[in-house]
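Trainee: Kindly return the folded structure for what I paste below:
(one chain, ligands or ions: 1)
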Amino acid sequence: QNTVGTISNVSGSYNGFTLFTPNPSTETYLINNCGEVVHQWSSTFTPGNAVYVLENGNLLRTGKIDNSFISIGGIGGKIELFDWDNTLLWEYTYSSTNVSQHHDIYPLPNGNILMLALSIISEADAIQAGRDPFKIGQNQLYGEHILELEPILGTNQANIVWEWYLKDHLIQDIDNTKDNFGVVADNEQLLDINFFNNENSPGVANWIHANSIQYNATLDQIVLSSRFLSEIYIIDHSTTTAEAASHTGGTYGKGGDFLYRWGNPEAYGHGDGTDQKLFGQHYPHWIADGLTDAGKIIVFNNGAERSLDGEGLPINYSSVDIITPPETSPGVYTYDAVNGYGPTDVEWTYTDPIEATNFYSSILSSGQRLPNGNTLICSGAQGYFFEIDSNKNIVWEYINPDTSFGIVTQGDTPSSNSVFRALKYPLDYPAFIRKDLTPRGPIELMSDTSNCSVLNTIDFKLADLKIVPNPAIDILNIKTTETINNIEVYSVIGKLVATDQNSNQIDISQLKSGLYIVKIYSGEAVTSRKIVKK
Ligand SMILES: O=[N+]([O-])c1ccc(OS(=O)(=O)O)cc1
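Mentor: All right, here's what the predicted structure looks like:
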(Lines give C-alpha, C1' and ligand atoms only; values in the text may rest on other atoms or scores of the structure.)
Protein backbone atom coordinates (compact mmCIF):
# COMPACT_ATOMS: atom_id res chain seq x y z
CA GLN A 1 0.00 0.00 0.00
CA ASN A 2 1.51 3.33 -1.09
CA THR A 3 1.63 6.17 1.43
CA VAL A 4 2.19 8.96 -1.11
CA GLY A 5 1.78 9.45 -4.84
CA THR A 6 -0.91 7.39 -6.52
CA ILE A 7 -2.71 5.31 -3.90
CA SER A 8 -5.23 3.72 -6.24
CA ASN A 9 -6.24 3.97 -9.87
CA VAL A 10 -9.04 1.68 -10.94
CA SER A 11 -11.09 1.20 -14.06
CA GLY A 12 -13.35 4.19 -14.59
CA SER A 13 -10.89 6.84 -13.48
CA TYR A 14 -10.65 9.76 -15.88
CA ASN A 15 -7.41 9.57 -17.83
CA GLY A 16 -6.11 13.11 -17.74
CA PHE A 17 -3.24 15.17 -16.37
CA THR A 18 -3.61 16.70 -12.93
CA LEU A 19 -2.06 20.13 -12.26
CA PHE A 20 -1.14 21.25 -8.76
CA THR A 21 1.36 23.32 -6.87
CA PRO A 22 1.97 22.24 -3.26
CA ASN A 23 1.62 25.12 -0.80
CA PRO A 24 5.15 24.76 0.56
CA SER A 25 6.75 24.28 -2.87
CA THR A 26 7.98 26.44 -5.74
CA GLU A 27 7.21 23.58 -8.16
CA THR A 28 4.11 23.11 -10.28
CA TYR A 29 3.50 19.54 -11.35
CA LEU A 30 1.49 17.98 -14.13
CA ILE A 31 1.04 14.28 -13.36
CA ASN A 32 -0.65 11.32 -15.02
CA ASN A 33 -2.94 8.95 -13.14
CA CYS A 34 0.04 6.90 -11.96
CA GLY A 35 1.51 9.98 -10.33
CA GLU A 36 4.27 10.18 -12.91
CA VAL A 37 5.36 13.72 -13.75
CA VAL A 38 4.70 14.46 -17.40
CA HIS A 39 5.67 18.12 -17.08
CA GLN A 40 6.95 20.48 -14.42
CA TRP A 41 7.52 24.21 -13.99
CA SER A 42 9.75 25.81 -11.37
CA SER A 43 9.29 29.25 -9.90
CA THR A 44 11.23 31.13 -7.26
CA PHE A 45 7.96 31.74 -5.38
CA THR A 46 5.63 29.42 -3.51
CA PRO A 47 2.02 29.74 -4.70
CA GLY A 48 -0.31 32.53 -3.82
CA ASN A 49 -2.43 30.36 -4.59
CA ALA A 50 -4.07 29.51 -7.94
CA VAL A 51 -2.36 27.99 -10.99
CA TYR A 52 -3.60 27.13 -14.50
CA VAL A 53 -2.26 25.62 -17.71
CA LEU A 54 -3.50 27.81 -20.56
CA GLU A 55 -4.65 26.40 -23.88
CA ASN A 56 -1.44 27.58 -25.56
CA GLY A 57 0.68 25.56 -23.12
CA ASN A 58 1.72 28.51 -20.97
CA LEU A 59 1.50 28.31 -17.19
CA LEU A 60 -0.32 31.12 -15.37
CA ARG A 61 0.38 31.06 -11.67
CA THR A 62 0.32 33.20 -8.56
CA GLY A 63 3.32 33.69 -6.29
CA LYS A 64 3.55 34.44 -2.61
CA ILE A 65 5.40 37.55 -1.42
CA ASP A 66 5.65 37.86 2.34
CA ASN A 67 4.02 41.10 3.39
CA SER A 68 4.62 42.31 6.94
CA PHE A 69 1.71 44.80 6.63
CA ILE A 70 -0.96 42.28 5.62
CA SER A 71 -1.74 39.04 7.41
CA ILE A 72 -3.97 36.55 5.61
CA GLY A 73 -3.54 32.86 4.86
CA GLY A 74 -3.52 32.61 1.10
CA ILE A 75 -1.63 35.82 0.51
CA GLY A 76 0.01 36.11 -2.87
CA GLY A 77 1.35 39.33 -4.34
CA LYS A 78 2.51 38.18 -7.73
CA ILE A 79 1.31 36.73 -11.02
CA GLU A 80 3.72 34.84 -13.25
CA LEU A 81 3.30 33.66 -16.84
CA PHE A 82 5.71 30.92 -17.94
CA ASP A 83 5.88 29.31 -21.34
CA TRP A 84 5.83 25.52 -21.63
CA ASP A 85 9.62 25.40 -21.29
CA ASN A 86 9.60 27.35 -18.02
CA THR A 87 10.74 30.66 -19.49
CA LEU A 88 9.19 33.51 -17.52
CA LEU A 89 7.31 35.56 -20.13
CA TRP A 90 5.72 38.12 -17.83
CA GLU A 91 5.33 38.81 -14.15
CA TYR A 92 3.24 41.32 -12.31
CA THR A 93 3.69 42.34 -8.71
CA TYR A 94 0.73 43.57 -6.70
CA SER A 95 2.05 43.76 -3.18
CA SER A 96 2.70 46.84 -1.09
CA THR A 97 2.11 48.29 2.35
CA ASN A 98 -1.63 48.53 1.65
CA VAL A 99 -2.56 46.08 -1.14
CA SER A 100 -1.89 42.49 -2.14
CA GLN A 101 -3.09 39.94 -4.64
CA HIS A 102 -4.29 36.87 -2.79
CA HIS A 103 -5.73 33.37 -3.42
CA ASP A 104 -7.15 33.40 -6.92
CA ILE A 105 -6.80 34.72 -10.43
CA TYR A 106 -8.77 33.80 -13.53
CA PRO A 107 -7.55 33.74 -17.14
CA LEU A 108 -10.26 35.36 -19.27
CA PRO A 109 -10.95 34.15 -22.83
CA ASN A 110 -9.56 37.42 -24.26
CA GLY A 111 -6.15 36.91 -22.64
CA ASN A 112 -6.75 39.31 -19.76
CA ILE A 113 -6.53 38.15 -16.15
CA LEU A 114 -8.98 38.74 -13.33
CA MET A 115 -7.08 39.24 -10.08
CA LEU A 116 -8.49 39.02 -6.57
CA ALA A 117 -6.85 41.50 -4.23
CA LEU A 118 -7.31 43.15 -0.89
CA SER A 119 -6.55 46.63 0.29
CA ILE A 120 -6.31 48.09 3.76
CA ILE A 121 -9.19 50.33 4.80
CA SER A 122 -8.23 52.67 7.62
CA GLU A 123 -10.20 52.69 10.86
CA ALA A 124 -11.52 56.19 10.05
CA ASP A 125 -12.68 55.13 6.58
CA ALA A 126 -14.27 51.98 7.99
CA ILE A 127 -16.23 54.00 10.56
CA GLN A 128 -17.29 56.49 7.91
CA ALA A 129 -18.55 53.52 5.85
CA GLY A 130 -20.70 52.48 8.81
CA ARG A 131 -18.56 49.92 10.57
CA ASP A 132 -19.31 49.60 14.28
CA PRO A 133 -16.38 51.49 15.89
CA PHE A 134 -16.25 48.97 18.72
CA LYS A 135 -15.70 46.14 16.24
CA ILE A 136 -12.47 47.23 14.66
CA GLY A 137 -9.86 45.33 16.61
CA GLN A 138 -6.77 45.88 14.51
CA ASN A 139 -7.21 49.56 13.60
CA GLN A 140 -8.12 48.61 10.05
CA LEU A 141 -10.24 46.35 7.83
CA TYR A 142 -9.33 44.47 4.68
CA GLY A 143 -11.46 45.42 1.69
CA GLU A 144 -11.69 43.23 -1.40
CA HIS A 145 -11.36 44.27 -5.01
CA ILE A 146 -11.04 42.66 -8.40
CA LEU A 147 -8.83 44.06 -11.14
CA GLU A 148 -8.83 42.95 -14.75
CA LEU A 149 -5.28 43.06 -16.05
CA GLU A 150 -4.25 43.24 -19.66
CA PRO A 151 -0.65 42.01 -19.55
CA ILE A 152 1.88 44.12 -21.44
CA LEU A 153 4.29 41.45 -22.61
CA GLY A 154 7.89 42.55 -22.70
CA THR A 155 7.33 44.59 -19.56
CA ASN A 156 6.37 43.56 -16.08
CA GLN A 157 3.30 45.74 -16.29
CA ALA A 158 -0.36 45.55 -17.15
CA ASN A 159 -3.12 47.86 -18.21
CA ILE A 160 -5.88 47.79 -15.62
CA VAL A 161 -8.93 47.64 -17.87
CA TRP A 162 -11.69 46.99 -15.31
CA GLU A 163 -12.05 47.42 -11.55
CA TRP A 164 -14.60 46.41 -8.95
CA TYR A 165 -14.43 47.34 -5.27
CA LEU A 166 -16.55 45.73 -2.57
CA LYS A 167 -16.48 48.99 -0.59
CA ASP A 168 -18.84 50.50 -3.18
CA HIS A 169 -21.48 47.89 -2.32
CA LEU A 170 -21.99 48.11 1.43
CA ILE A 171 -24.99 48.57 3.71
CA GLN A 172 -25.21 49.27 7.45
CA ASP A 173 -28.09 49.85 9.84
CA ILE A 174 -26.35 51.17 12.95
CA ASP A 175 -25.67 54.86 12.27
CA ASN A 176 -27.71 57.16 10.06
CA THR A 177 -25.01 59.81 10.19
CA LYS A 178 -22.59 57.56 8.33
CA ASP A 179 -22.45 56.30 4.75
CA ASN A 180 -24.39 53.30 3.48
CA PHE A 181 -27.23 53.59 6.01
CA GLY A 182 -30.31 51.49 5.22
CA VAL A 183 -32.26 48.35 6.00
CA VAL A 184 -30.04 45.29 5.60
CA ALA A 185 -32.87 42.87 4.75
CA ASP A 186 -34.11 45.18 1.99
CA ASN A 187 -30.69 45.45 0.39
CA GLU A 188 -29.73 41.92 -0.57
CA GLN A 189 -27.59 43.39 -3.33
CA LEU A 190 -25.21 44.89 -0.73
CA LEU A 191 -22.89 43.56 1.98
CA ASP A 192 -23.65 44.42 5.61
CA ILE A 193 -20.38 45.84 6.89
CA ASN A 194 -21.34 44.77 10.43
CA PHE A 195 -22.16 41.13 9.74
CA PHE A 196 -19.63 38.80 11.31
CA ASN A 197 -20.17 35.13 10.87
CA ASN A 198 -17.66 34.39 13.55
CA GLU A 199 -18.93 36.28 16.60
CA ASN A 200 -15.74 35.47 18.46
CA SER A 201 -13.54 37.62 16.27
CA PRO A 202 -15.65 40.47 14.88
CA GLY A 203 -12.71 42.80 15.21
CA VAL A 204 -10.21 41.09 12.94
CA ALA A 205 -9.12 43.08 9.92
CA ASN A 206 -9.51 39.98 7.76
CA TRP A 207 -13.29 39.70 8.22
CA ILE A 208 -14.22 38.53 4.69
CA HIS A 209 -11.36 36.27 3.61
CA ALA A 210 -12.39 36.08 -0.04
CA ASN A 211 -10.74 33.00 -1.50
CA SER A 212 -11.79 32.61 -5.11
CA ILE A 213 -12.98 34.41 -8.23
CA GLN A 214 -14.29 32.38 -11.13
CA TYR A 215 -15.95 33.47 -14.34
CA ASN A 216 -18.79 32.50 -16.67
CA ALA A 217 -18.12 33.76 -20.20
CA THR A 218 -21.66 33.08 -21.46
CA LEU A 219 -23.22 35.22 -18.72
CA ASP A 220 -20.21 37.56 -18.35
CA GLN A 221 -20.52 37.13 -14.58
CA ILE A 222 -18.03 36.55 -11.79
CA VAL A 223 -18.60 34.36 -8.73
CA LEU A 224 -16.72 35.42 -5.62
CA SER A 225 -16.33 33.33 -2.46
CA SER A 226 -16.00 34.58 1.14
CA ARG A 227 -14.69 31.93 3.51
CA PHE A 228 -15.41 33.86 6.70
CA LEU A 229 -18.92 35.01 5.74
CA SER A 230 -19.71 31.58 4.23
CA GLU A 231 -21.34 33.19 1.22
CA ILE A 232 -20.80 33.20 -2.51
CA TYR A 233 -21.64 36.30 -4.57
CA ILE A 234 -22.28 36.73 -8.28
CA ILE A 235 -21.49 40.08 -9.89
CA ASP A 236 -21.75 41.49 -13.39
CA HIS A 237 -18.54 41.82 -15.40
CA SER A 238 -20.17 43.56 -18.39
CA THR A 239 -20.11 46.90 -16.57
CA THR A 240 -17.72 49.76 -17.14
CA THR A 241 -15.49 50.51 -14.16
CA ALA A 242 -17.73 53.52 -13.39
CA GLU A 243 -20.85 51.33 -13.50
CA ALA A 244 -19.10 48.70 -11.36
CA ALA A 245 -18.70 51.37 -8.67
CA SER A 246 -22.41 52.16 -8.84
CA HIS A 247 -25.74 50.40 -8.46
CA THR A 248 -26.92 50.66 -12.07
CA GLY A 249 -25.71 49.75 -15.54
CA GLY A 250 -24.29 46.66 -17.18
CA THR A 251 -26.16 43.81 -18.88
CA TYR A 252 -28.08 43.03 -15.71
CA GLY A 253 -28.78 46.65 -14.75
CA LYS A 254 -27.36 46.51 -11.22
CA GLY A 255 -23.92 47.97 -11.75
CA GLY A 256 -21.46 46.28 -9.37
CA ASP A 257 -24.06 45.18 -6.82
CA PHE A 258 -24.58 41.51 -6.07
CA LEU A 259 -26.79 39.81 -8.65
CA TYR A 260 -27.03 36.74 -6.43
CA ARG A 261 -25.73 35.48 -3.11
CA TRP A 262 -26.04 32.11 -1.43
CA GLY A 263 -24.82 30.12 1.51
CA ASN A 264 -25.64 32.13 4.60
CA PRO A 265 -28.89 34.11 4.38
CA GLU A 266 -28.43 35.49 7.88
CA ALA A 267 -25.80 37.76 6.31
CA TYR A 268 -28.57 39.76 4.62
CA GLY A 269 -31.27 39.39 7.22
CA HIS A 270 -33.07 36.39 5.73
CA GLY A 271 -32.65 33.67 8.29
CA ASP A 272 -30.50 32.48 11.15
CA GLY A 273 -27.71 29.98 11.71
CA THR A 274 -30.03 27.08 10.93
CA ASP A 275 -30.37 28.36 7.36
CA GLN A 276 -26.64 28.36 6.72
CA LYS A 277 -25.64 26.02 3.87
CA LEU A 278 -22.02 26.90 3.23
CA PHE A 279 -19.25 26.67 5.81
CA GLY A 280 -15.96 28.27 4.83
CA GLN A 281 -16.35 27.11 1.24
CA HIS A 282 -13.83 27.16 -1.63
CA TYR A 283 -13.75 27.30 -5.40
CA PRO A 284 -17.40 27.89 -6.32
CA HIS A 285 -17.49 27.87 -10.11
CA TRP A 286 -19.86 27.21 -12.96
CA ILE A 287 -19.61 23.71 -14.40
CA ALA A 288 -18.40 24.16 -17.97
CA ASP A 289 -20.50 23.53 -21.07
CA GLY A 290 -20.45 19.93 -22.23
CA LEU A 291 -20.02 18.46 -18.74
CA THR A 292 -22.65 16.75 -16.60
CA ASP A 293 -24.56 19.48 -14.71
CA ALA A 294 -23.22 22.20 -17.03
CA GLY A 295 -24.20 25.71 -15.96
CA LYS A 296 -24.74 24.76 -12.31
CA ILE A 297 -22.40 25.86 -9.54
CA ILE A 298 -20.10 23.32 -7.86
CA VAL A 299 -18.41 24.23 -4.59
CA PHE A 300 -16.16 22.59 -2.01
CA ASN A 301 -18.04 23.09 1.25
CA ASN A 302 -15.29 22.81 3.87
CA GLY A 303 -17.73 22.37 6.74
CA ALA A 304 -16.11 23.65 9.93
CA GLU A 305 -18.70 23.68 12.72
CA ARG A 306 -21.40 22.60 10.31
CA SER A 307 -23.55 21.23 13.09
CA LEU A 308 -23.41 20.38 16.77
CA ASP A 309 -23.41 16.98 18.42
CA GLY A 310 -25.46 15.96 21.47
CA GLU A 311 -22.98 17.65 23.78
CA GLY A 312 -22.98 20.87 21.81
CA LEU A 313 -19.55 20.21 20.34
CA PRO A 314 -18.96 21.16 16.71
CA ILE A 315 -19.17 18.52 14.01
CA ASN A 316 -16.80 19.20 11.13
CA TYR A 317 -17.07 17.48 7.79
CA SER A 318 -16.62 18.50 4.17
CA SER A 319 -18.83 17.99 1.17
CA VAL A 320 -18.72 18.83 -2.51
CA ASP A 321 -22.05 20.39 -3.43
CA ILE A 322 -23.82 21.42 -6.61
CA ILE A 323 -26.56 24.07 -6.67
CA THR A 324 -28.75 25.51 -9.40
CA PRO A 325 -29.40 29.19 -8.74
CA PRO A 326 -33.07 29.78 -9.67
CA GLU A 327 -33.26 32.12 -12.66
CA THR A 328 -36.03 33.94 -14.51
CA SER A 329 -33.79 34.15 -17.58
CA PRO A 330 -30.11 33.29 -18.03
CA GLY A 331 -28.10 35.17 -15.42
CA VAL A 332 -31.15 36.87 -13.88
CA TYR A 333 -31.67 35.34 -10.45
CA THR A 334 -35.00 34.88 -8.72
CA TYR A 335 -35.23 36.83 -5.49
CA ASP A 336 -37.97 36.38 -2.92
CA ALA A 337 -38.38 39.27 -0.45
CA VAL A 338 -39.29 36.84 2.33
CA ASN A 339 -37.06 33.85 1.66
CA GLY A 340 -34.20 35.51 -0.14
CA TYR A 341 -32.28 33.63 -2.82
CA GLY A 342 -32.80 29.93 -3.47
CA PRO A 343 -32.28 27.12 -3.71
CA THR A 344 -33.32 25.98 -0.24
CA ASP A 345 -30.90 23.07 -0.54
CA VAL A 346 -28.15 21.56 -2.62
CA GLU A 347 -29.04 19.48 -5.65
CA TRP A 348 -26.12 17.04 -5.50
CA THR A 349 -23.68 16.38 -2.71
CA TYR A 350 -20.79 14.11 -1.91
CA THR A 351 -19.84 13.35 1.68
CA ASP A 352 -17.90 10.39 2.98
CA PRO A 353 -20.33 7.47 2.62
CA ILE A 354 -19.22 5.66 5.78
CA GLU A 355 -18.59 8.41 8.29
CA ALA A 356 -19.00 12.04 7.24
CA THR A 357 -16.22 13.25 9.52
CA ASN A 358 -13.72 10.98 7.69
CA PHE A 359 -13.65 13.56 4.88
CA TYR A 360 -12.75 16.98 6.22
CA SER A 361 -10.48 19.80 5.14
CA SER A 362 -11.02 22.96 7.18
CA ILE A 363 -9.26 25.18 4.64
CA LEU A 364 -8.14 25.23 0.98
CA SER A 365 -9.62 22.55 -1.37
CA SER A 366 -11.56 22.14 -4.61
CA GLY A 367 -14.04 20.03 -6.53
CA GLN A 368 -14.10 19.73 -10.31
CA ARG A 369 -16.52 17.93 -12.64
CA LEU A 370 -14.67 15.93 -15.30
CA PRO A 371 -15.63 15.14 -18.91
CA ASN A 372 -16.65 11.53 -18.16
CA GLY A 373 -18.98 12.60 -15.33
CA ASN A 374 -16.46 11.89 -12.56
CA THR A 375 -15.63 14.52 -9.94
CA LEU A 376 -12.07 15.31 -8.85
CA ILE A 377 -11.83 16.42 -5.23
CA CYS A 378 -8.83 18.05 -3.55
CA SER A 379 -8.99 17.71 0.23
CA GLY A 380 -6.46 20.46 0.50
CA ALA A 381 -5.33 20.33 4.12
CA GLN A 382 -4.12 16.74 3.63
CA GLY A 383 -2.78 17.24 0.10
CA TYR A 384 -5.14 14.38 -0.80
CA PHE A 385 -6.82 14.20 -4.20
CA PHE A 386 -9.49 11.66 -4.98
CA GLU A 387 -11.84 11.12 -7.85
CA ILE A 388 -15.34 9.70 -7.63
CA ASP A 389 -17.37 8.27 -10.48
CA SER A 390 -21.03 9.11 -11.10
CA ASN A 391 -21.98 6.47 -8.50
CA LYS A 392 -19.68 8.17 -5.98
CA ASN A 393 -17.23 5.26 -5.95
CA ILE A 394 -13.61 6.31 -5.48
CA VAL A 395 -11.68 5.46 -8.65
CA TRP A 396 -8.43 7.39 -8.16
CA GLU A 397 -6.47 8.60 -5.12
CA TYR A 398 -3.27 10.59 -4.85
CA ILE A 399 -1.34 12.13 -1.95
CA ASN A 400 1.03 15.02 -2.59
CA PRO A 401 4.58 14.00 -1.60
CA ASP A 402 6.14 17.49 -1.89
CA THR A 403 6.09 18.86 1.67
CA SER A 404 7.61 21.70 3.66
CA PHE A 405 10.13 19.10 4.90
CA GLY A 406 11.07 18.09 1.36
CA ILE A 407 10.07 15.23 -0.93
CA VAL A 408 8.73 12.23 0.95
CA THR A 409 10.00 8.68 0.38
CA GLN A 410 7.42 6.08 -0.62
CA GLY A 411 6.40 4.24 2.54
CA ASP A 412 6.74 7.28 4.79
CA THR A 413 3.81 9.36 5.95
CA PRO A 414 3.77 12.95 4.66
CA SER A 415 2.85 15.98 6.72
CA SER A 416 2.71 19.68 5.88
CA ASN A 417 1.83 18.80 2.27
CA SER A 418 -1.27 20.95 1.73
CA VAL A 419 -2.51 21.89 -1.74
CA PHE A 420 -4.84 24.79 -2.56
CA ARG A 421 -6.50 23.27 -5.61
CA ALA A 422 -6.08 20.37 -8.06
CA LEU A 423 -7.26 20.62 -11.67
CA LYS A 424 -7.42 17.72 -14.10
CA TYR A 425 -7.04 18.49 -17.80
CA PRO A 426 -8.09 16.17 -20.63
CA LEU A 427 -5.27 14.49 -22.58
CA ASP A 428 -6.51 16.28 -25.69
CA TYR A 429 -6.48 19.74 -24.05
CA PRO A 430 -4.92 22.03 -26.69
CA ALA A 431 -1.94 22.86 -24.44
CA PHE A 432 -0.69 19.28 -24.78
CA ILE A 433 -0.72 18.97 -28.56
CA ARG A 434 2.74 18.07 -29.87
CA LYS A 435 4.26 18.45 -26.40
CA ASP A 436 6.66 15.96 -24.90
CA LEU A 437 4.68 14.36 -22.11
CA THR A 438 6.88 11.34 -21.62
CA PRO A 439 6.48 10.28 -17.98
CA ARG A 440 9.58 11.17 -15.96
CA GLY A 441 8.70 9.08 -12.95
CA PRO A 442 6.83 10.01 -9.79
CA ILE A 443 7.65 12.91 -7.47
CA GLU A 444 8.20 10.77 -4.38
CA LEU A 445 11.52 9.05 -3.66
CA MET A 446 11.86 5.26 -3.92
CA SER A 447 8.62 5.26 -5.87
CA ASP A 448 6.52 2.21 -6.56
CA THR A 449 4.09 2.39 -9.47
CA SER A 450 3.95 -1.36 -10.00
CA ASN A 451 0.23 -1.47 -9.24
CA CYS A 452 -0.62 1.29 -11.68
CA SER A 453 -0.78 1.58 -15.43
CA VAL A 454 -1.95 4.40 -17.60
CA LEU A 455 -2.22 5.18 -21.26
CA ASN A 456 -0.26 8.33 -21.92
CA THR A 457 -1.72 8.72 -25.34
CA ILE A 458 -2.99 12.14 -26.24
CA ASP A 459 -5.23 10.90 -29.00
CA PHE A 460 -7.51 8.05 -28.02
CA LYS A 461 -7.42 6.88 -31.63
CA LEU A 462 -3.90 5.74 -30.92
CA ALA A 463 -5.02 3.86 -27.81
CA ASP A 464 -5.25 0.60 -29.73
CA LEU A 465 -1.68 1.02 -30.92
CA LYS A 466 0.61 -1.99 -30.53
CA ILE A 467 4.37 -2.26 -30.86
CA VAL A 468 5.55 -5.74 -31.79
CA PRO A 469 7.59 -7.62 -31.02
CA ASN A 470 8.48 -6.40 -27.55
CA PRO A 471 11.18 -7.29 -26.63
CA ALA A 472 12.61 -6.81 -30.13
CA ILE A 473 15.96 -7.65 -31.77
CA ASP A 474 15.97 -5.69 -35.02
CA ILE A 475 12.65 -4.36 -36.41
CA LEU A 476 9.90 -2.72 -34.36
CA ASN A 477 6.48 -2.80 -36.05
CA ILE A 478 3.90 -0.18 -35.12
CA LYS A 479 0.36 -1.52 -35.51
CA THR A 480 -2.32 1.13 -35.72
CA THR A 481 -5.07 2.20 -38.10
CA GLU A 482 -3.69 5.76 -37.97
CA THR A 483 -1.12 7.20 -40.36
CA ILE A 484 2.28 7.44 -38.70
CA ASN A 485 4.27 10.59 -39.49
CA ASN A 486 7.29 10.04 -37.33
CA ILE A 487 8.85 7.45 -35.01
CA GLU A 488 11.53 8.38 -32.48
CA VAL A 489 13.43 6.10 -30.13
CA TYR A 490 14.94 7.56 -26.97
CA SER A 491 17.31 6.09 -24.43
CA VAL A 492 16.15 6.16 -20.82
CA ILE A 493 18.20 9.30 -20.25
CA GLY A 494 16.32 11.02 -23.05
CA LYS A 495 18.86 10.83 -25.92
CA LEU A 496 17.37 10.41 -29.40
CA VAL A 497 18.97 7.21 -30.76
CA ALA A 498 16.86 6.31 -33.81
CA THR A 499 14.24 7.98 -35.97
CA ASP A 500 12.15 7.18 -39.04
CA GLN A 501 9.51 9.06 -41.04
CA ASN A 502 6.30 7.95 -42.75
CA SER A 503 6.84 4.32 -41.93
CA ASN A 504 5.17 1.75 -39.72
CA GLN A 505 8.46 0.25 -38.66
CA ILE A 506 11.87 1.24 -37.39
CA ASP A 507 15.19 -0.59 -37.37
CA ILE A 508 16.76 -0.82 -33.91
CA SER A 509 19.29 -3.53 -34.66
CA GLN A 510 22.19 -1.12 -34.00
CA LEU A 511 21.05 -0.28 -30.46
CA LYS A 512 22.54 -1.78 -27.32
CA SER A 513 20.19 -4.05 -25.42
CA GLY A 514 18.12 -2.36 -22.74
CA LEU A 515 15.03 -0.25 -22.11
CA TYR A 516 14.02 2.45 -24.65
CA ILE A 517 11.11 4.84 -25.09
CA VAL A 518 9.45 4.93 -28.49
CA LYS A 519 7.51 8.04 -29.46
CA ILE A 520 5.03 7.77 -32.28
CA TYR A 521 3.62 10.88 -33.96
CA SER A 522 0.36 10.83 -35.89
CA GLY A 523 -1.26 14.08 -36.92
CA GLU A 524 -1.62 16.13 -33.76
CA ALA A 525 -1.12 13.13 -31.51
CA VAL A 526 2.03 11.78 -29.95
CA THR A 527 2.26 8.59 -27.93
CA SER A 528 5.11 7.16 -25.91
CA ARG A 529 5.68 3.50 -25.07
CA LYS A 530 8.46 1.62 -23.37
CA ILE A 531 10.14 -1.19 -25.31
CA VAL A 532 12.96 -3.59 -24.57
CA LYS A 533 15.77 -4.21 -27.06
CA LYS A 534 17.29 -7.69 -26.75
O1 LIG B 1 -1.64 28.16 4.59
N2 LIG B 1 -1.99 28.53 3.48
O3 LIG B 1 -1.27 28.46 2.50
C4 LIG B 1 -3.30 29.05 3.34
C5 LIG B 1 -4.12 29.17 4.44
C6 LIG B 1 -5.41 29.67 4.28
C7 LIG B 1 -5.83 30.00 3.05
O8 LIG B 1 -7.08 30.48 2.90
S9 LIG B 1 -8.21 29.57 2.32
O10 LIG B 1 -9.44 30.38 2.39
O11 LIG B 1 -7.88 29.22 0.94
O12 LIG B 1 -8.32 28.34 3.14
C13 LIG B 1 -5.03 29.87 1.94
C14 LIG B 1 -3.74 29.38 2.08
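Trainee: Helices of the stretch 101-250 of the chain, residue ranges please.
Mentor: 123-128, 241-244 (DSSP state H, counting those that start in this stretch).
Trainee: Let me have the ones you listed in TSV, adding distance to Trp84 and mean pLDDT as columns.
Mentor: The C-beta positions use only the backbone N, C-alpha and C, and glycine is treated the same way. Shown next, in TSV, are the helices of the stretch 101-250 of the chain (distance: least, C-beta to C-beta, whole Å; pLDDT from 0 to 100):
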stretch	distance to Trp84	mean pLDDT
helix 123-128	45	98
helix 241-244	34	98
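Trainee: nearest to the ligand, of these?
Mentor: The ligand sits nearest to helix 123-128 of all the helices of the stretch 101-250 of the chain, at 21.8 Å, using C-beta to the nearest ligand atom.
Trainee: and the closest one, what other elements does it pack with?
Mentor: strand 140-152 (3 or more C-beta pairs under 8 Å, 6 or more residues apart in numbering; DSSP states H and E).
Trainee: Point out the other helices and strands that the strand it packs on packs with.
Mentor: Under the contact criterion of 3+ C-beta pairs under 8 Å, 6+ apart, strand 140-152 touches strand 88-93, strand 113-122, helix 123-128, strand 157-165, strand 221-226.
Trainee: Of the ones you listed, which is nearest the ligand?
Mentor: That would be, of those and by C-beta to the nearest ligand atom, strand 221-226, which comes in at 8.2 Å.
Trainee: same question for that closest one, mean pLDDT?
Mentor: Strand 221-226 shows a mean pLDDT of 98.
Trainee: Provide the strand pairings for that strand, with the direction of each partner.
Mentor: strand 210-216 (antiparallel), strand 231-236 (antiparallel) (DSSP bridges).
Trainee: Need those strands in TSV (columns: mean pLDDT).
Mentor: Output for those, formatted as TSV (pLDDT from 0 to 100):
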stretch	mean pLDDT
strand 210-216	98
strand 231-236	98
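Trainee: Please work out which of these is packed deepest.
Mentor: Most buried of those, by mean neighbour count (mean count of other C-beta atoms under 10 Å): strand 231-236, with a mean of 25.
Trainee: contacting residues around the residue in the stretch 201-350 of the chain that the ligand sits nearest to?
Mentor: Residue nearest to the ligand within the stretch 201-350 of the chain: Asn211 (3.6 Å; C-beta to the nearest ligand atom). Counting by C-beta atoms under 8 Å, 6 or more residues apart in numbering, Asn211 touches Gly74, His103, Asp104, Ser225, Ser226, Arg227, His282.
Trainee: out of those, who's near the ligand?
Mentor: Residues of the contacts of Asn211 in contact with the ligand (C-beta under 6 Å from any ligand atom): Gly74, His103, Arg227, His282.
Trainee: From Pro439, how far off is the residue of the stretch 201-350 of the chain closest to the ligand?
Mentor: Separation of Asn211 from Pro439 (C-beta to C-beta, to the nearest Å) stands at 33 Å.
Trainee: Could you do Ser404 as well?
Mentor: 26 Å.
Trainee: Cheers, nothing more for now.
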